[in-house]
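Novice: turn this into a model:
(one chain, ligands or ions: 1)
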Amino acid sequence: MTFRAQILTLYPEMFPGPLGVSIAGRALEEGVWSCSPIQIRDFATDKHRTVDDTPAGGGAGMVLRVDVLASAVDHALTALPDAPILAMTPRGAPITQARVRELATGPGVTILCGRFEGFDERIFEARPIEEVSMGDIVLSGGEPAALMLLDACIRLLPGVMGAASSGFEESFENGLLEYPHYTRPAEWEGRTIPEVLRSGDHAKIAAWRKQRAEDDTRLRRPDLWERHEGARDQPASGARRKTKKDK
Ligand code: SAH
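Specialist: Numbers count the residues shown, from 1 in each chain. Model (predicted):
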């Protein structure tokens, strides 16, 4: 089954772009996924093909018009009715690996790319659109965000990555950062590889990796660590999480 990516954009020539090479490029050639960029401007109705206008209330920049966006979204819905529509916006919910994995098991995704100051807010009230952010940064357009999201989905599609299991060992899959890696040379500029990794003792290696994943997550990403610990404390029944007072 082909994972269908539909991208609503003012710059269709940006797709597949970097997703046309390497792992994603091979998968595209093999038909594992398909890439259909759609020009938002084609849904403009005036002779200048206008897609934007000045912000209500004043201020800098331009805003994508809701009527043009709605026509483009409706077209996308007709072409790919079962796929969720995700709008790229810094105001959206931060993307997670869990959401990426869900998307990758579905029929595909329609991605709405913003430009200028972004979208007229009414599009989100009137159409089933999930607002998603690629992190607390501001890009000049939704296209690089779309490429990033698609890359994350594509590598999880069946047959795309070499070792079938490798996808599950990565950072975030179990709520932790991954442990650090090393390879030859065994000594470089006086620095060696942790002895345990050269011991051949698989149980010890697994224990070391687990420990490092936990330590590094606690130190580097206290936010992830807190969620991980919270999930562990949560009884499977869904009962109230224990507070310090309860213990
Ligand atoms: N005025 C907006 C930023 C607009 S940037 C604000 O301050 O929230 C122009 C477009 O780039 C956005 O509409 C969105 O599609 C895209 N974009 C910018 N940063 C992004 C991010 N962190 N995640 C996803 N999309 C982003």
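Novice: can you count the residues close to the nearest residue to residue 13 once chain neighbours are set aside?
Specialist: In this structure, residue 13 finds its nearest non-sequential neighbour in residue 37, 7.8 Å apart by Cβ to Cβ, 6 or more residues apart in numbering. From N, CA and C alone the C-beta is placed, and that goes for glycine too. Using other Cβ atoms under 10 Å, residue 37 has 20 other residues around it.
Novice: give me the phi and psi for residue 37.
Specialist: Per-residue torsions, residue 37: phi -70, psi 140 (degrees, to the nearest 10).
Novice: any idea how many residues pack against the residue in the chain positioned nearest to the ligand?
Specialist: Proximity of the chain to the ligand (Cβ to the nearest ligand atom) peaks at residue 114, 2.0 Å away. Neighbour count for residue 114, taken as other Cβ under 10 Å: 25.
Novice: need the contact list for the closest residue to residue 221 other than its chain neighbours.
Specialist: Spatial nearest neighbour of residue 221, chain neighbours left out: residue 177 (6.2 Å); criterion: Cβ to Cβ, 6+ apart. Taking Cβ atoms under 8 Å, 6 or more residues apart in numbering, we find residue 177 in contact with 171, 213, 216, 217, 220, 221, 224.
Novice: per-residue confidence at residue 177?
Specialist: In this model, residue 177 is scored at 97, pLDDT.
Novice: okay, now residue 228: neighbour count?
Specialist: With other Cβ under 10 Å as criterion, residue 228 counts 18.
Novice: so which elements touch whatever helix or strand it lives in?
Specialist: Using DSSP states H and E, residue 228 falls within helix 222-233. Counting contacts by 3 or more Cβ pairs under 8 Å, 6 or more residues apart in numbering; DSSP states H and E, helix 222-233 packs against helix 202-220.
Novice: extract the C-alpha trace of the helix it packs on and format it as PDB.
Specialist: Extracted in PDB, the C-alpha atoms of helix 202-220 (Å, rounded to 0.1, in the frame of the first residue of the first chain):
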ATOM      1  CA  HIS A 202      25.600  -8.600  25.700                       C
ATOM      2  CA  ALA A 203      23.700  -8.400  29.000                       C
ATOM      3  CA  LYS A 204      26.300  -5.900  30.400                       C
ATOM      4  CA  ILE A 205      26.100  -3.900  27.200                       C
ATOM      5  CA  ALA A 206      22.300  -3.700  27.400                       C
ATOM      6  CA  ALA A 207      22.500  -2.600  31.000                       C
ATOM      7  CA  TRP A 208      25.100   0.100  30.200                       C
ATOM      8  CA  ARG A 209      23.000   1.400  27.300                       C
ATOM      9  CA  LYS A 210      19.800   1.500  29.400                       C
ATOM     10  CA  GLN A 211      21.700   3.400  32.200                       C
ATOM     11  CA  ARG A 212      23.200   5.900  29.700                       C
ATOM     12  CA  ALA A 213      19.800   6.500  28.000                       C
ATOM     13  CA  GLU A 214      18.300   7.300  31.400                       C
ATOM     14  CA  ASP A 215      21.100   9.400  32.700                       C
ATOM     15  CA  ASP A 216      21.400  11.400  29.500                       C
ATOM     16  CA  THR A 217      17.600  12.000  29.300                       C
ATOM     17  CA  ARG A 218      17.500  13.200  32.900                       C
ATOM     18  CA  LEU A 219      20.400  15.600  32.300                       C
ATOM     19  CA  ARG A 220      19.700  16.800  28.800                       C
END
